[in-house]
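Novice: Sequence and predicted structure below; questions after.
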Amino acid sequence: MHIHTLVQPNSWIALRLPSDTLKVLQIVPNTAISIGKYGTFSSNSLLERPYNLTYELLDLQAGQKGSTLRVVPASELHADTIAEEDAAANPKNEDDKLIIGGDGVEYELVGENGEVIMRSNRETIDDGARQTLTMEEIEVLKREGTGAGKDLIAKLMLSHTALDQKTSFSLAKYKLLKTKKYLRRFTVLPLDVALLTEWYLNEKDGGKILEMRSELLGLAGCWANVHFSESLPDVEGGKWLVVDETGGLLVAAMAERMGILHPSEEQLQSVGKSSHHREEPAPATSNTITMIHNNAQPNLSLLKYFLYDPATSTPPCPDHPLTTHLHSLSWLQLISPTEDTTYSTAVEQLLPADLEALKPGKRGTYYRKLRRWNRTKSIVDSTRNGGFSGLAIASSMDPTSILKHAIPLLRGGANIAIYSPTIEPLVLLSDNYSTSRRTAFITSPPPSFASLTTEEDRDNWQGDEDFPLNPTLVLNASVQSARVKRWQVLPGRTHPIMTGKGGAEGYLFTAIRVIPARGKIEARGKFGKKRKVDDNVATPDETQSSVKKEKLDDGVVAQNIDELAQEINGGTETTPKTKTEGDIEMASPSP
Amino acid sequence: MTSQASPFLHPGTVAQKDRLAIIHLKRDLQNPILLKATDEDDEGYAEGKVVNTRFGSFPHTKLIGLPWGSQVRAVKVDTGSRGRRQPKKRKLEASSEDPGHLEKIAKISEQESGRGDGVVKIESPASVDVGTLPKDDAEASPAATGFIHLLPPTPENWTSSLPHRTQVVYTPDYSYVLHRIRARPGTSIIEAGAGSGSFTHASARAVFSGYTKERYESTNGQSVRKHLGKVWSFEFHEQRHEKLQQELKDHGLEGLVEVTHRDVCEDGFLVDGKSPQADSIFLDLPAPWLALPHLARSKPKPNQIDLSAGEVKSEPDTCEAFVSPLNPHCPVHICTFSPCIEQVQRTMSAMRRLGWVDIEMVDLSQRRFEVRRDRIGIDNGNQHGVLSTPSSVDEAVARLKDVEGSFKAFHETGEKAEIRKRDRGNPNSKDKILESLVGRKIYKEGNLVHRAEQELKTHTSYLVFAVLPIEWSEEDEAQARQKWEEKIDLSVTQNPAVEAAVSGTMSKRQQKKAARQTEKDKRAATAVDAEAVVVEGDVASVPVVVSEKESTPGPSDTTMS
């Protein structure tokens, strides 16, 4: 069965309110759910009901603690727009009836004499104080009003002195405004990564997730090539390395892509059950996420919304797939494990006889310590062994300092994706991988690097002032960004949404880990100042031969020289065209 | 043998024969190749199958077995006998041979022979008497220059190197779409308008959760029944369909993606009469609103179909029962991809009528950045890329003084200022550049700047997202209501300890204590006053029936048990 089939007890859900705000809550049976001014209802009326349905809170009856809910069918949700479309299609049938909420009850908006509502904005008065209902009257209506706020909205509109002066556009806007404020409706949504991101960015502290928008989250997942990848009998699966300072959002997004974020129905059975005295399953070896964290404990607070909490001894869902598939270790444990107490203090194996002698409490402590040590040791050792198939980073630390230690852990062909809310750290990082820097590195490697003989030592070379990172270990370093723009699409009123949220734009650095060939490697390509092709009628063949003359007889130590020439000539050249044949392009006269 | 695994999903550590690999030449120039141990087409190379690139020639046998990510040197391949028949006779050493040219010829001949399929199979211009070559020569030796990197295929590098058949859905778009339509391992996804296959590959990676049912029966020793993800792809263009099918076969994605040759607007989404049980849908069609009526949970009523569309044939009622291609048990997420606003309007109108909710339209803009160093200054030897303007007022003044000085000298002594340029030589020669790189470390000079790359994709398409909730009948609601009586147990909400226990922040002892306290509270509450009220309401907006009952803690209404 699918994970988000029906609302399960104790799962986290989100309610989208008419004001377009989200209320995130864990749905505990037999409790009251209060959505502020809109009302209160029993949590049970949502349990084992479908997601994505919109409900209306029916009017509270005497003695009732919570409102009864009514499913609002989609036809009713869209009735407004559909009626508008139909009216546009058959203009003569147009009447001045107003539909609020679309349950078929129509509110006449024609004046008593049947006068027509005005259609231009020439006479509108730009004055807010046009509502004749007083606050007190509105309050009374709110308390006593019926129809889930619809009659209130109708009264508000009718009491607006200048309603007849509104154009159909401002009328629609006014109605929307009032609907958002007073209509007692909400939609039930499953809390998944996309929704959690939206909620955090718009309503919570966006800084806590480094202002990472869905676009960038999706992009990072793709460029780090994160996907389900369990080992096959004959091919090893994948494991991903992550540095996450978004409180676990990046880990959650990766886990969702790997199919280990949402517990299956079987695994959900363990919710609320104790994990004590049960055999802790061994850490998985493939389809895993290994997280390196700054503090002694990882900050994965957002994972609680997916019923996973590594910080507690009483996990909300002991059988959660992340229990075995998410491994975490600190930077100290990675870089210098002997200095880490947990890792370096081996738990002494007790003989069965000694174990018997211990008090049950002590025995429990012993087992817990032993388990913890075994787990730490196996995670630290396997991480230090490397072989990761991808790396994803969302951190406020200097990416160069992270890559220094992370790159050697990646296998050849592994994908790297680094998110940063601002571009500057990524620009600095890209500069370490610039073609000219790499060429200089290959031409004349720093002595501290050249003296190294083994492949492993070379991979782990810690850089120097000129070359903070070994530029030959990474290919295709590039920086990108993506952003969506939301639109309002309504009959005759289609335009981009006019306000948005500022803040960080969000950027992604992508690259591939490669294995440089040993020894002198010489690129092939054209080099040097491009000669002007005098007879400018260059057919491809002629162009080619003219270029050929320019070709160097002895190769230059550079990664594809034309790229270098391009970079050095950067100021006068455009970027390489992707689809054209390179040779012709290279022969074009230099300006 | 890696019988089933796809190199996209399980690349392993080394490149293997008969599997796809990506030859990385330079940024934005990557060639997909199918590694072959033997040259089936007999192109006449002594080394077997050879891939020729701008940066040299690489026999497949040299690539097979290499670790992914390896930098590979070009090798000298014997072209002596092959070279003779080249259109333009040139005597070339393998090292100085221009492979780009060869490639171009190959491309031309490829076009001529009408082959434009997924994998670049570079055809040799001519091939003759390989047999006459001495066997020893067949062992390739490294060429003096040229190299490539051997990369495992990913949907990203496939997207940037695939043969274009139609407009391609690029990574920024598909990554966002797949995230929004909740394509995850185990998802069943419909893709209509497969086109060039970029979205097909990306969605295959997204929904992949195993090749066969047997293989993943157990994780951690537990028997877990898994719903295997699958891509149901539809393409109405016959050649494109055939090519995609061949590609998927070559890429080991056959079992994961089912391509059907079909006009979905006419014939719907059932495959062999069966429902794909889709959870997610991506429509890259010229008229998505024509396909939408097929993507319903039950047969759409006439008033749900936009009459102005007109083209939808109203099927006679006599035809077979409507089979929904959707998964009846979960909300279905859809995304349509249309370049024009009018398409969006019609699509959204159709969606509203067909009961889709949370309908939203966005467009996505993407930018790639170029990072480089801007070097400004006079004393840079007139190199390319250096603005020969002073970098500061001081530098400008110094130059002005310099000029003044030489003027003076000329007027007073008639001595001409030496032309400085001459002794510098060509600043853009290879040696000079390398010297400035290594000696002067010009890679550290100048201002580090970034700017958007020259070619911007400012608009790809509008993305319309929507959700179709599952059908929920009165009976379903009645059943749920029976199981979950509508009630509010105040002792539960008012005791924060219980909530804390549920979210798992309490120790076991605390939990027990809390549970005891809750029980006590409940008993007290029941005794004093039946505070908790059970309300039986109706889903439909029928007047609400209120009945007060005593709240007795039953098995279904305690949170902790």
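Specialist: Sure thing, it's come through.
Novice: Against chain A, how distant is B:H459?
Specialist: Distance, B:H459 to chain A, by Cβ to the nearest Cβ, to the nearest Å: 10 Å. In this view, the C-beta of every residue, glycine as well, is placed from N, C-alpha and C.
Novice: which residues touch that residue?
Specialist: B:339, B:363, B:365 (Cβ atoms under 8 Å, 6 or more residues apart in numbering or on different chains).
Novice: Please produce a markdown table containing the residues you listed, extended by distance to chain A, pLDDT and secondary structure.
Specialist: Formatted as a markdown table, the contacts of B:H459 follow (distance: Cβ to the nearest Cβ, whole Å; pLDDT from 0 to 100; DSSP: H, G, I helix; E, B strand; the rest coil):
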| residue | distance to chain A | pLDDT | secondary structure |
| --- | --- | --- | --- |
| B:P339 | 14 | 95 | coil |
| B:D363 | 5 | 94 | strand |
| B:S365 | 6 | 92 | strand |
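Novice: Could you pick out the buried ones from these?
Specialist: With neighbours counted using 16 or more other Cβ atoms under 10 Å in any protein chain shown, these contain these buried positions: B:363, B:365.
Novice: Quickly note the distance from B:R205 to B:W68.
Specialist: 16 Å (Cβ to Cβ, to the nearest Å).
Novice: that older thread, closest to A:P9 among the contacts of B:H459?
Specialist: For the contacts of B:H459, the minimum distance to A:P9 (Cβ to Cβ) is 39.6 Å, reached by B:D363.
Novice: Count the neighbours of A:L183 for me.
Specialist: Residues near A:L183, counting by other Cβ atoms under 10 Å in any protein chain shown, number 23.
Novice: Surely it and A:D80 touch.
Specialist: No: when contacts are counted by Cβ atoms under 8 Å, A:L183 is not listed as touching A:D80 (11.7 Å).
Novice: Between its first and last residues, what's the separation in stretch A:282-299?
Specialist: Start-to-end span of stretch A:282-299 (Cα to Cα, to the nearest Å) is 22 Å.
Novice: What residues sit buried inside it?
Specialist: Neighbour counts over stretch A:282-299 (16+ other Cβ under 10 Å) mark A:283-284, A:286-293, A:298-299 as buried.
Novice: Can I get those in TSV including distance to chain B?
Specialist: Below are those laid out as TSV (distance: Cβ to the nearest Cβ, whole Å):
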residue	distance to chain B
A:P283	10
A:A284	7
A:S286	10
A:N287	9
A:T288	12
A:I289	14
A:T290	18
A:M291	20
A:I292	22
A:H293	20
A:P298	16
A:N299	15
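Novice: B:S6 - nearest residue in space that isn't next to it in sequence?
Specialist: B:G252 (3.3 Å; Cβ to Cβ, 6 or more residues apart in numbering or on different chains).
Novice: can you pull the contacts of that neighbour?
Specialist: Counted by Cβ under 8 Å, 6+ apart, B:G252 has contacts B:4-9, B:19-20.
Novice: try 7 Å this time
Specialist: By Cβ atoms under 7 Å, 6 or more residues apart in numbering or on different chains, the contact set of B:G252 is B:5-7, B:19.
Novice: shaky segments in the stretch 451-591 of chain A?
Specialist: Residues of the stretch 451-591 of chain A that meet the criterion pLDDT under 70 lie in A:525-591.
Novice: Tell me who's in contact with the nearest residue to B:T154 once chain neighbours are set aside.
Specialist: In this structure, B:T154 finds its nearest non-sequential neighbour in A:N225, 5.0 Å apart by Cβ to Cβ, 6+ apart. A:N225 is in contact with A:390, A:415, B:154, counting by Cβ under 7 Å, 6+ apart.
Novice: Please report the confidence value the model assigns to the first one.
Specialist: This points to A:G390. Here the pLDDT value assigned to A:G390 is 96.
Novice: Chain B contacts on the stretch 351-500 of chain A?
Specialist: A:411-413, A:415, A:423, A:427-428, A:430-431, A:434, A:436-437, A:439-440, A:443-444, A:466, A:475-476, A:478-487, A:489, A:494 (Cβ under 7 Å from any Cβ of the partner chain).
Novice: Put the buried members of the residues you listed into a PyMOL selection.
Specialist: Under the burial definition 16+ other Cβ under 10 Å, those of these that qualify are selected in PyMOL by:
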select buried, chain A and resi 411+412+413+415+423+427+430+431+434+436+437+439+440+475+476+478+479+480+481+482+483+484+487+489
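Novice: mind listing which of the residues of the stretch 351-500 of chain A next to chain B are in strands?
Specialist: Applying DSSP state E to these, the entries found in strands are A:411-413, A:415, A:475-476, A:478-487.
Novice: Adding distance to B:H179, write the contacts of A:N225 out as TSV.
Specialist: Formatted as TSV, the contacts of A:N225 follow (distance: Cβ to Cβ, whole Å):
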residue	distance to B:H179
A:G390	17
A:N415	17
B:T154	17
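Novice: Tell me the backbone dihedrals of B:T53, please.
Specialist: phi -130, psi 180 (degrees, to the nearest 10).
Novice: Outline the domain layout of the chain.
Specialist: Since you didn't name a chain, this refers to chain A. Chain A breaks down into these domains under automatic domain parsing: A:1-189, A:192-267+A:287-517, A:522-591.
Novice: other chain: chain B
Specialist: Split by automatic domain parsing, chain B gives B:20-153, B:157-363, B:369-452, B:481-546.
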